[in-house]
Structures are given as structure tokens and as C-alpha cells.
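# heads up, no residue letters with this:
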């Protein structure tokens, strides 16, 4: 198998195997959902923009929403030999980038994306192993599938390994 490095842009997803690295850059309020099967060393990442399709004019892209990205990743991981019963998740992102512009008591999009991602994973019976979510700064992610290693980088902050 040849090593691949795949960039996952906003409202996109990708899956791969032991030699693959998935990368997403510039997560603000978006959430990166990473799924992994340790037995087969396959996994995937979705860079979700919104919690659910009802918040978009065009709901045709399942990678765009937390509620539909999780089942999509599960199906594609299964196609690579993974098992839904062995999947584990990690979440990154969901920042509140513009808190000063929000009214009191309002729920920001980052928090909504985090909640929807957690709910979608709970509904699919996928445990969340680690999270680097919330707060007020952006993040980028590198996910080495074969190593089950995720490194989160942020400007002016130390790297975090999940």
C-alpha cells in the first residue's frame, strides 16, 4: 500500500488505511470528527460545517453536517474492512471565534457543532476517546491512521496529541 496524504477541506470527508494521513487546516467553529478502527487500522475524518441540514440552503452534501457525516464515515470505513462495533472517535474544533459579537445567552455555532457531533456519535454507539474542542482559537489537525495518532496545532499554543 502506498502512503497518501489527503487534505480534508470544509464540508468534505476522507477515509483511509494504515499508510494514510488525513489533514484539515483552519478549524474555527467547524468540527473535525475522526473515527478509527484499531483492529483493521482504517479510519476517516469529516470536516463538518454545521450541526444539521435544516440550517443550510443546500443540504445535499452529507459531509457538511455532523448528523449525516458520522453515518457516512461509518459506511465508508466498513467498505474498507472496518467494523462499526470497534469504532472510536476523537473530536477537534468547535471554537467560538466571535464571542464579542454574540448576544448574552446565545449558543454559538461552534458549541452547536460540538453538541451535534457528540449526539451523532452517541446515537451510533461510538465512544469518544478524546476531544480538543471549544475555546476561542482555531486549530489544524493531522491524523496518522495507522498509528491512531492525532496532532492538533494552533498558532501560539503547544501541539496536543490525542
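Nice, I can see it. Since we're looking at a predicted model, the values are computed, not measured.

# shaky segments in this protein?
1-2, 98-107 (pLDDT under 70).

# hmm, 80 instead?
Scanning the chain for pLDDT under 80 picks out 1-3, 97-107.

# Could you pull out the helices in it for me?
66-79, 109-123 (DSSP state H).

# tell me, how many neighbours does residue 38 end up with?
The local packing of residue 38 (other CB atoms under 10 Å) involves 12 other residues. Heads up, the C-betas are built off the backbone N, CA and C, glycines and all.

# Next: residue 81.
12.

# residues contacting the nearest residue in space to it that is not next to it in sequence?
Among residues not flanking residue 81 along the chain, residue 40 sits closest, at 4.8 Å (CB to CB, 6 or more residues apart in numbering). By CB atoms under 8 Å, 6 or more residues apart in numbering, residue 40 lies in contact with 17, 80-83, 86.

# Using neighbour counts, trim the residues you listed to the buried set.
Listed as buried from those are 17, 82; burial here means 16 or more other CB atoms under 10 Å.

# sorry, back to before: got a markdown table for the helices of the chain, with distance to residue 48 and mean neighbour count too?
Shown next, in a markdown table, are these (distance: least, CB to CB, whole Å; neighbours: other CB atoms under 10 Å):
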| stretch | distance to residue 48 | mean neighbour count |
| --- | --- | --- |
| helix 66-79 | 5 | 20 |
| helix 109-123 | 6 | 20 |
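
# Can you say which of the ones you listed is nearest to residue 152?
With CB to CB as the criterion, residue 152 lies closest to helix 109-123 of those, at 14.5 Å.

# Quick check on residue 146: phi, psi?
Residue 146 adopts backbone torsions of phi -60, psi -30, taken as degrees, to the nearest 10.

# how about it, what does it touch?
17-20, 41.

# Any figure for the gap between it and residue 92?
As judged by CB to CB, to the nearest Å, residue 146 and residue 92 stand 19 Å apart.

# and if you look at residue 9?
15 Å.

# ditto for residue 148
Using CB to CB, we find residue 148 at a distance of 15 Å from residue 92.
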